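**Q** can you look at this prediction? I've put the sequence above it.
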Protein chains: 2
Amino acid sequence: MIKDASLQEVEAAMSASKQAFIHYAHTSLKERAALMRSIAIELDGLGDEVIQQAMQETNLPEARLKGERARTIFQLNSYAAACERGEWLEVSIDTANPERVPPKPDVRKTKLPLGPVVVFGSSNFPFAFSTAGGDTASALAAGCTVVVKAHPAHPLTSSLVAGAVKKALKKLSMDENIFIHLHGASNSIGESLVKHPVTKAVGFTGSFQGGMALFQWANQRPEPIPVFAEMGSVNPVFLFSEKLSQQTDSIAHQYAESITLGVGQFCTNPGIIIGVKSTAFNSFIELLASKVSAMSAGKMLHAGIASAYKLKSKEVLTQQDVQLVAASTPQDDSIYGNPVIAKVDGTRFLSNPLLMDEVFGPFSLVVQCEDIEQMKSVADALPGQLTSTLIATDQEITANKELVNVILSKCGRLILNGVPTGVEVGLAMHHGGPFPATTDSRFTSVGADAIKRFARPISYQNYSDALLPDELKNKNPLNIWRVVNDVFTKDKL
Amino acid sequence: MIKDASLQEVEAAMSASKQAFIHYAHTSLKERAALMRSIAIELDGLGDEVIQQAMQETNLPEARLKGERARTIFQLNSYAAACERGEWLEVSIDTANPERVPPKPDVRKTKLPLGPVVVFGSSNFPFAFSTAGGDTASALAAGCTVVVKAHPAHPLTSSLVAGAVKKALKKLSMDENIFIHLHGASNSIGESLVKHPVTKAVGFTGSFQGGMALFQWANQRPEPIPVFAEMGSVNPVFLFSEKLSQQTDSIAHQYAESITLGVGQFCTNPGIIIGVKSTAFNSFIELLASKVSAMSAGKMLHAGIASAYKLKSKEVLTQQDVQLVAASTPQDDSIYGNPVIAKVDGTRFLSNPLLMDEVFGPFSLVVQCEDIEQMKSVADALPGQLTSTLIATDQEITANKELVNVILSKCGRLILNGVPTGVEVGLAMHHGGPFPATTDSRFTSVGADAIKRFARPISYQNYSDALLPDELKNKNPLNIWRVVNDVFTKDKL
């Protein structure tokens, strides 16, 4: 049993993080990138040990965990490259005009890190959204120090990864307190970290209840701080009849796979599938049902998640007019999550908000609408989402522009003729969405733009060139893109 | 007497704004820019009438109001240009790689407007930070509809400006509900606007109490929304001995002017001036005192502000060890604000947090530190600020790097050898700062980057080129800067 950090240890951690921040905030982009690349190397260097440990703690299969670690390494390296390229600084320079009345000053804008960031690891991604995951990588790139609270479902995996980060810091002779790792199964540790005056921002991936607790604590502080909580989503899929009738079988196949992938434990799992009643839609439901029935149940991350899944899926299935369409053979062991497809008509769906909740696991609710107007009402009734998906021909999109605009207004990523699972790590990725998908729809938690969460602009007015940060100097020594007098350029001044 | 909007009128306004948003959200950048330019023309077209009205309602002099209107027109036109240039969309494109295992999707990111924005006009800038001011201009540029609550201190000026906006909408045959103007002296109007489910963001410039009330309402909603509240600042000025001794007289002159400019009613008014005891510092205080004593009292914006100024300055002056250094001859009329300079030593300042509060008006507190170490303690004790100013030689900055870093960590703009008053409208301007200067230090309320407050990213995955918004299309028909596979370019794909 891992012991929770004491309040004294929390205090000591925040104080050390504050101290380390004073220097780390002013390290060069190159130094930060070197640290991130070094962490990537050490993470790889943990070899099989950490994979075995994670398998034990999360029930995730070896191949998935190896893939996830590779993703985490890629993430660290790609954010390091983005950190060095410096576009996230969004540098702009307005040069002086002493002739103007009154004289126009020289103003140059770059970014400063917010301060020590508290990161809460997620249970479903022990590497990519945890200890040295996206939040940690982007905070370090921004120049913030990091205090991680390990997820209590995989504390030993988290400790191993933290060891790799510490090793990287040591090899580079950097302050070990740039990164601090704490354990805490009790909510009170989280509360004291979020409420600590040294903390300047929070990163979180997890449940709505968890994210909102952090958000409220952060906003009740004498000095409120930003919380970037990614709280999941039902990721609605809108099936349009023509496209569906063209490829019924392959779409059903894709969705049977997507719904059950990783025992449905993805924040982008397609939880609600909406179509208009038609022969094609009926065939799709039948095909999806037969494919999902043939799927086997999988071990879920931990007992708490498995029992919550059983409870929540049962709750949905016992709502009025909800039918069970398919369930694969359940396993006796309570840790297993059994794929389930349920069905409800659009009218009932619209009258029962409980049906719009996320069921975290391999579950999907098919909503059968009377017509396209009702589909629009359903889209309009849904809360904010990480993703929405259209299964549609171009003509169907053009013919239903208003409906598509409603769908757009509710999501952070719109996928055409694909599945929402699979979140590409790239600059163009937006992994975020209107509330309640996240607490701040203006920022992504995947892709190098995630760095922007942890920095704020600062302008220098009439400052001496020699004293300016490198990215603002006349000679542009970092050779980064800048907007100079409203024009994008890499030129010197 | 202007009547407050009824709750029915608030309801009708928000419902109309929601309806107008459905179409306005998808207007082209060109259409939005045309609207903004048209508003600028109509604002100019209001001629002398609105200036006379504003003089009556705000006590501000004609020249200042004409200047402020010109600034507002410039703002509308420059944000219109920035809106069209499209850099604020931060477009990035990661092209597909079907060869990769698994296949890499095509992902393209742009921005969508948040939704209807509620704007609270400020009392001290009846044009530039009010009805058709920076918040309204940037929300319109982002594609948001706007509901303005007129400031109750200048309701008729606000109505005239609103009329100009309505005229612009009419001339362009655009939905009149893109912009809605309401009156509301009672806090309950503000509360119902911020808490209305249709509202998706709030812009505010004013007091800490006012801003925090909106912030709390916004975060207590079932769906929390961002509040961009700029809540003022004491704008500390740090005097370093060498620079001060070189130009004592001109610095004292600059500051006497800056402290009393516009009867001190600027959010960037220098409220605290910090130096280390020395002959130069003594001379500076004497010179500043004699210059300020010779200044005349000015009419303040309204009776409430004038009485708050008298109360607050008196409160500071009656704190232990605070000395009155200079006061110009007071006027009998209670609407006048009398310039005042007070002084306190660093030790006392550090022990009395009340002395760090803003005194809104022509007031400045001089803090005399024992040494540079104490100056650092003072910098460290100050809350977040819109601006900080260094009066220093380059050598003094280099020799006091740690102190300068502390100062930087507390402000949104750092001025060298100048005054904080005067906020240039330009892309490189950051008018914002760590809490409590603003509720969100990551965004500016001046300069075209203010547009970014009211938009959120959206990614399109594997979307058809013909159906993408123009800024994401292969051919780059808007000819805007985009990051394509991590490289900045205006090229077609």
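**A** Right, received. Where do you want to start? Predicted, not measured: the structure shown is a model, and the values here were computed from it. Residues are numbered from 1 along each chain as shown, chains lettered A, B, ... in the order given.
**Q** CA atoms for contacts and neighbours, from now on please.
**A** Will do.
**Q** residue A:143 touches residue A:25, doesn't it?
**A** Yes. When contacts are counted by C-alpha atoms under 8 Å, residue A:143 is listed as touching residue A:25 (4.7 Å).
**Q** mind listing the shared neighbours of those two?
**A** Residues touching both residue A:143 and residue A:25 comprise A:112-113, A:115, with contact defined as C-alpha atoms under 8 Å, 6 or more residues apart in numbering or on different chains.
**Q** and the closest residue in space to residue A:205 that isn't next to it in sequence, how far from residue A:438?
**A** Spatial nearest neighbour of residue A:205, chain neighbours left out: residue A:230 (4.8 Å); criterion: C-alpha to C-alpha, 6 or more residues apart in numbering or on different chains. Counting by C-alpha to C-alpha, to the nearest Å, the separation of residue A:230 from residue A:438 is 4 Å.
**Q** show me the common contact partners of these two, please.
**A** A shared contact of residue A:230 and residue A:438, defined by C-alpha under 8 Å, 6+ apart, is any residue touching both; here these are residue A:432.
**Q** for residue B:428, see how far away the residue of chain A most remote from its centre is.
**A** In chain A, the greatest distance from the average C-alpha position (C-alpha atoms, centre = their mean) is reached by residue A:99, at 49.5 Å. Distance, residue A:99 to residue B:428, using C-alpha to C-alpha: 19 Å.
**Q** then residue A:135?
**A** With C-alpha to C-alpha as the criterion, residue A:135 and residue B:428 are 28 Å apart.
**Q** try residue A:482
**A** With the distance defined as C-alpha to C-alpha, residue A:482 ends up 10 Å from residue B:428.
**Q** who touches both of the two?
**A** Between them, residue A:482 and residue B:428 share the contacting residues A:91-93, judged by C-alpha under 8 Å, 6+ apart.
**Q** returning to what we had before: of residue A:143 and residue A:25, give the one with the bigger neighbour count.
**A** Each of residue A:143 and residue A:25 had its neighbours counted (other C-alpha atoms under 10 Å in any protein chain shown), and the higher figure belongs to residue A:143 (30 against 23).
**Q** how does chain A divide up, domain by domain?
**A** Under the assignment named as automatic domain parsing, the residue ranges that make up the domains of chain A are A:7-231+A:440-456, A:237-416.
**Q** a markdown table for those, including mean pLDDT?
**A** Formatted as a markdown table, these follow (pLDDT from 0 to 100):
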| stretch | mean pLDDT |
| --- | --- |
| domain A:7-231+A:440-456 | 97 |
| domain A:237-416 | 96 |
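**Q** so which bits of the stretch 151-300 of chain A are right by chain B?
**A** Within the stretch 151-300 of chain A, the positions near chain B by C-alpha under 8 Å from any C-alpha of the partner chain are A:216, A:219, A:223-224.
**Q** so which of these wins on neighbours?
**A** Per-residue neighbour counts (other C-alpha under 10 Å) across these peak at residue A:224, which has 21 neighbours.
**Q** can you pull the contacts of it?
**A** Listed by C-alpha under 8 Å, 6+ apart, the contact partners of residue A:224 are A:218, B:435, B:439.
**Q** quick check, nearest of the residues you listed to residue B:30?
**A** When these are compared for distance to residue B:30, the smallest value, 31.3 Å, is given by residue B:439; criterion: C-alpha to C-alpha.
**Q** for the residues of the stretch 151-300 of chain A next to chain B, which one is nearest residue A:64?
**A** Using C-alpha to C-alpha, the shortest approach to residue A:64 within those belongs to residue A:216, at 34.3 Å.
**Q** residue closest to the middle of chain A?
**A** The C-alpha lying nearest the average C-alpha coordinate of chain A belongs to residue A:445 (C-alpha atoms, centre = their mean; 4.2 Å).
**Q** that residue and residue A:219, how far apart?
**A** Counting by C-alpha to C-alpha, the separation of residue A:445 from residue A:219 is 20 Å.
**Q** helix, strand or coil: sort out residue A:414 for me.
**A** Look at residue A:414: counting by DSSP: H, G, I helix; E, B strand; the rest coil, its state is strand.
**Q** mind jotting down where the helices sit in the stretch 1-150 of chain A?
**A** Per DSSP state H, counting those that start in this stretch, the stretch 1-150 of chain A has helices spanning A:7-24, A:29-45, A:47-58, A:62-85, A:134-142. These are given in chain order.
**Q** out of those helices, which one sits most buried?
**A** Here the criterion is mean neighbour count by mean count of other C-alpha atoms under 10 Å in any protein chain shown, and of those the winner is helix A:134-142, at a mean of 30.
**Q** residue A:257 - that's part of a strand, no?
**A** No. Under three-state DSSP, residue A:257 falls outside any strand and is assigned helix.
**Q** related to what we said a few turns ago, ok now do the residue nearest to the centre of chain A, which residues does it touch?
**A** Residue A:445 sits next to A:134-135, A:228, A:230, A:430-432 when contact means C-alpha under 8 Å, 6+ apart.
**Q** want to throw these into JSON lines with secondary structure?
**A** Listed next are the contacts of residue A:445 as JSON lines, based on three-state DSSP:
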{"residue": "A:134", "secondary structure": "helix"}
{"residue": "A:135", "secondary structure": "helix"}
{"residue": "A:228", "secondary structure": "strand"}
{"residue": "A:230", "secondary structure": "strand"}
{"residue": "A:430", "secondary structure": "coil"}
{"residue": "A:431", "secondary structure": "coil"}
{"residue": "A:432", "secondary structure": "coil"}
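**Q** thanks a lot, catch you later.
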